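Student: what would the 3D arrangement of this be:
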Amino acid sequence: QEFGYANLAECEWGKMRAVHILAKKAKMEQEGKAPATINLLVSVLKGVAKQAWSLDQMSDHDKAVILSLKGARGSRASASEGRALEPNESSKLFGSCDIDTTHGLRDALVIALGIASGLRRTEIASIQIKDLDEEAGLIRVIGKGNKLRNVYPSETVWSLIRRWRIIRGEGGCSNLFCAIRKGDHLITAKPISGNSVYQILRRRGTAAGVRNFT
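Tutor: You can find the predicted model right below:
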């Protein structure tokens with residue numbers, strides 16, 4: 001549509017020239033788009049140019065000029081990038097969790113696994129009950145690239161795991177963590193997601209007066 005065509009199929013990619021990409025790039029810069037966003041578009045259109053050339057829809061010269069285009073300079077930190085926690089902030093997060101309640105105990109364990117064991121949000125959410133091996137003192141975790149690794153929580157974390165499992169029970173889904181309704185009512189059939197972990201951390205951070213963190 002930016003190039004004047006009704007849809008993807010009708011766009012005559014072989015007629016694309018460097019000047020079209022430069023115009024789009026300039027427009028995005030004027031709109032305040034992040035350099036990474038602009039550079040992604042430029043990279044994609046370079047790939048399109050290569051394909052058009054391979055199908056004899058573009059000359060060697062036009063392809064070469066497009067491939068010589070530079071991306072936007074600079075970088076921009078993500079608004080949600082956050083930062084590492086200070087030790088006293090970790091204490092504040094734990095302090096916002098009343099572990100004598102179902103919500104508080106679950107959230108304290110989520111925080112403990114993130115801080116003490118270095119697990120990512122999705123890794124915390126996807127822990128299976130069968131992955132807990134307390135006898136060996138380890139939790140099997142499926143991380144990035146579907147790679148399996150073992151983490152070794154402290155005794156403090158294991159004590160929270162034991163308390164949580166008593167309250168959670170063994171029924172419902174196979175995940176360690178499940179959803180909780182208002183009134184501390186467990187929904188054991190519904191596992192939490194990585195986004196749920198994010199919301200837990202965000203909510204506890206607000207309650208503890210801790211600014212954005214990763």
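Student: show me where the chain has helices.
Tutor: 18-30, 35-54, 60-67, 87-95, 102-117, 121-125, 155-168, 194-208 (DSSP state H).
Student: looking at the ones you listed, which is closest to residue 182?
Tutor: The closest of the helices of the chain to residue 182 is helix 102-117. By CB to CB, the value is 9.0 Å. For every residue, glycine as well, the C-beta is placed using N, CA and C.
Student: in contact with residue 16, which residues are there?
Tutor: Each residue near residue 16 by CB atoms under 8 Å, 6 or more residues apart in numbering is listed here: 3, 45, 48, 49, 52, 58, 66.
Student: cool, residue 53 as well?
Tutor: Going by CB under 8 Å, 6+ apart, residue 53 touches 59, 60, 62, 63.
Student: using TSV, lay out those together with distance to residue 187, neighbour count and pLDDT.
Tutor: Listed next are the contacts of residue 53 as TSV, based on distance: CB to CB, whole Å; neighbours: other CB atoms under 10 Å; pLDDT from 0 to 100:
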residue	distance to residue 187	neighbour count	pLDDT
59	62	12	95
60	62	8	95
62	59	18	95
63	56	19	95
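Student: ok now stretch 23-40, how far from the chain's centre?
Tutor: 24 Å (CA atoms, centre = their mean, to the nearest Å).
Student: mean confidence (pLDDT) on it, please.
Tutor: Computed over stretch 23-40, the mean pLDDT rounds to 88.
Student: measure it end to end?
Tutor: Across stretch 23-40, the terminal residues are separated by 15 Å (CA to CA, to the nearest Å).
Student: which residues touch that stretch?
Tutor: 2, 41, 42, 45, 69, 71, 72, 73, 74, 75, 76.
Student: quick check: buried residues in it?
Tutor: Using 16 or more other CB atoms under 10 Å as the test for burial, stretch 23-40 gives 24, 25, 28, 33, 38, 39.
Student: for the residues you listed, which one is nearest residue 184?
Tutor: In terms of CB to CB, no member of these lies closer to residue 184 than residue 33, at 44.9 Å.
Student: the longest strand along the chain pairs with which strands, and in what direction?
Tutor: In the chain, assigned by DSSP state E, the strand with the most residues is strand 185-191. Sheet pairing of strand 185-191 (DSSP bridges) gives strand 178-181 (antiparallel).
Student: can you list the residues that contact the strand it pairs with?
Tutor: Contact with strand 178-181 is made by 102-103, 106, 168, 172, 186-192, 196, as judged by CB under 8 Å, 6+ apart.
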